[in-house]
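Student: Kindly generate the corresponding structure for this input.
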Amino acid sequence: MSKFGELIETNVPVLLDFYAEWDQACSDMHPVLRDVAAALGDKARVIKIDIEKNKELSEALRVKGLPTLMIYKDGEMKWRQSGEQDANTLIGLVKEFL
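Tutor: Coordinates of the predicted model:
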């Protein structure tokens, strides 16, 4: 969990994608997240977290639906939603916290 604290304790927004390899909706989000990361550059970070490899963290954050997306800034959760999102929506959401 301490590594998670290091990930989110930044002054730039961090978009987290909680996913599973076996979930089709999560697979569909991969290119969307690449586009978001490319559009935002170094203004924000996009981090993918495999729920199978991070069960303790996923349970602590009560990740139920997939994909689950969260935006953190300065260690605080600013936004959270489960389900697929399009790139423009995500870029707009992250930009609100720049």
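
Student: elements contacting the helix or strand Cys26 falls within?
Tutor: Using DSSP states H and E, the element containing Cys26 is helix 24-40. Contacts defined by 3 or more C-beta pairs under 8 Å, 6 or more residues apart in numbering; DSSP states H and E place helix 24-40 against strand 14-19, strand 45-50, helix 87-95. C-beta coordinates here come from the backbone N, C-alpha and C atoms, glycine included.

Student: Please report the distance of the most centrally placed residue in the chain from Thr89.
Tutor: Centroid check for the chain by C-alpha atoms, centre = their mean gives Leu16 as the closest residue, at 1.5 Å. Using C-beta to C-beta, to the nearest Å, we find Leu16 at a distance of 16 Å from Thr89.

Student: same thing with Phe97?
Tutor: As judged by C-beta to C-beta, Phe97 and Thr89 stand 14 Å apart.

Student: Neighbour count for the two, which is higher?
Tutor: The neighbour comparison of Phe97 against Thr89 (other C-beta atoms under 10 Å) goes to Phe97, with 18 against 14.

Student: so how far is Pro67 from that one?
Tutor: Phe97 sits at a distance of 19 Å from Pro67 (criterion: C-beta to C-beta).

Student: and what of Ile51?
Tutor: Distance from Ile51 to Pro67, counting by C-beta to C-beta: 9 Å.

Student: so what sits against both of those two?
Tutor: The contact sets of Ile51 and Pro67 overlap at 18-19 (C-beta atoms under 8 Å, 6 or more residues apart in numbering).

Student: Give me the more crowded residue out of those two.
Tutor: More neighbours surround Pro67 than the other of Ile51 and Pro67, with 27 against 20 (other C-beta under 10 Å).

Student: how would you label Lys64: helix, strand or coil?
Tutor: At Lys64 the chain is in coil, as set by DSSP: H, G, I helix; E, B strand; the rest coil.
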